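Undergrad: sequence and predicted structure are below.
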Amino acid sequence: MDFDISVSVVSHGQGALIANLLDDLARDEWRDGLSFEVIVTINIPEDERWLPSSPVYPLTVIRNEAAKGFGANHNSAFRAAKGRFFAVVNPDIRLANFHAGSLIAAFADPEAGVCGPRVLAPDGGLEDSARRFPTMLRLAKRRLSSRNGADYRLDEAMLPVDWLAGMFLLFPSQIYCTIGGFDERYFMYLEDVEISRHLKRCGFKSIWVGTTAVIHDASRASRRSLRHMRYHTMSALKYLLGGARAVPSAYSHSGIGSGA
């Protein structure tokens, strides 16, 4: 591998947001001495003047001929990645006071398959980025209620959880490759839930890391747009009724991943 971390971010006409993220990535503070590259995927045509003309880090730009879903875009970026770790980062993430070394420390646990930082709203409030696997009842409650309590008490340095929200996820590249990355049957929403479930069936943990944080300016598009609500509903049905992916043979033969 040529780098410690490959950072994948996808633009859906969100260049102004990503320009801020790229500015953050250009600063040294977050890296903790780690090397990195950035892979930007342009999912739909847009004005690209926000892309840095002389980036201070290796930058790969992928331009799609047709729009792809969340998982397909990051899987495509992974095929171009050269890092030991693969970071999936949303366009609306900012890296104030973030330290990559704190996340990588979570992989001292050989069962760690993905980790994510504490996620804060712009006002400093803690977001519910670590959750329990959804059931029909849990999804209904979240859809109908504007006030949802946290699934976990996020007051520890590191905490194994069911799943981590996909605004910032870090995977060891070897594990991401072996499990097959994201399930591309999901176009938008619940890809993060599914990959955590798949990791668990392969014997790996999803770990929330409270010792470092990112800022997330969430738009909650699925609550405002009928189209996004339809995507969310379709993904929920696929997750609940469509069955789980098969466990890769690399794990099924070792006795790992036999549980649901």
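TA: In hand now; what should we look at?
Undergrad: C-alpha from now on. contacts and neighbour counts both.
TA: Will do.
Undergrad: avg pLDDT for stretch 93-101?
TA: For stretch 93-101, mean pLDDT is 95.
Undergrad: and the gap between Met136 and Leu164?
TA: 19 Å (CA to CA, to the nearest Å).
Undergrad: more neighbours: these two, which one.
TA: Taking neighbours as other CA atoms under 10 Å, Met136 and Leu164 compare with Leu164 leading, 26 against 11.
Undergrad: hang on, the more buried one packs against Ala130?
TA: Yes. Using CA atoms under 8 Å, Leu164 is in contact with Ala130, at 4.7 Å.
Undergrad: for these two, list the residues in contact with both.
TA: Trp208 (CA atoms under 8 Å, 6 or more residues apart in numbering).
Undergrad: neighbours of Val9, how many?
TA: So Val9, with other CA under 10 Å, has 27 neighbours.
Undergrad: ok, it touching Val40?
TA: Yes. Counting by CA under 8 Å, Val9 touches Val40, with 5.1 Å between them.
Undergrad: give me the phi and psi for Ser76.
TA: phi -60, psi -40 (degrees, to the nearest 10).
Undergrad: hey, where'd the strands end up in the protein?
TA: In the chain, the strands defined using DSSP state E lie at 3-11, 36-42, 59-63, 83-89, 93-94, 112-120, 130-131, 158-161, 163-164, 168-172, 205-216.
Undergrad: quick one: strands adjacent to the fourth one?
TA: Meaning strand 83-89. Applying DSSP bridges, strand 83-89 is found paired with strand 3-11 (parallel), strand 168-172 (antiparallel).
Undergrad: the inter-axis angle of that strand versus strand 112-120?
TA: 40 degrees (axes from the mean of the first three to the mean of the last three CA atoms, to 10 degrees).
Undergrad: and the contacts of strand 83-89?
TA: So strand 83-89 is contacted by 1-9, 36-37, 74, 78, 166-174, 176 (CA under 8 Å, 6+ apart).
Undergrad: how far off centre is it?
TA: Chain-centre distance of strand 83-89: 9 Å, with CA atoms, centre = their mean, to the nearest Å.
Undergrad: so which bits of that strand are buried?
TA: Gly83, Arg84, Phe85, Phe86, Ala87, Val88, Val89 (16 or more other CA atoms under 10 Å).
Undergrad: need the residues you listed in CSV (columns: distance to Cys202 and pLDDT).
TA: Below are these laid out as CSV (distance: CA to CA, whole Å; pLDDT from 0 to 100):
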residue, distance to Cys202, pLDDT
Gly83, 22, 98
Arg84, 20, 98
Phe85, 18, 98
Phe86, 18, 98
Ala87, 20, 98
Val88, 20, 98
Val89, 23, 98
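Undergrad: what's the farthest-apart pair in these?
TA: Arg84 and Val89 (16.1 Å; CA to CA).
Undergrad: so where's the stretch 1-150 of the chain uncertain?
TA: 138-149 (pLDDT under 70).
Undergrad: at which residues are the helices of it located?
TA: Counting by DSSP state H, counting those that start in this stretch, the stretch 1-150 of the chain has helices at residues 15-25, 70-80, 100-104, 136-144.
Undergrad: which strands and helices sit next to the first one?
TA: If contacts are counted by 3 or more CA pairs under 8 Å, 6 or more residues apart in numbering; DSSP states H and E, helix 15-25 sits against strand 93-94.
Undergrad: pairing partners for the strand it packs on, with directions?
TA: strand 205-216 (antiparallel).
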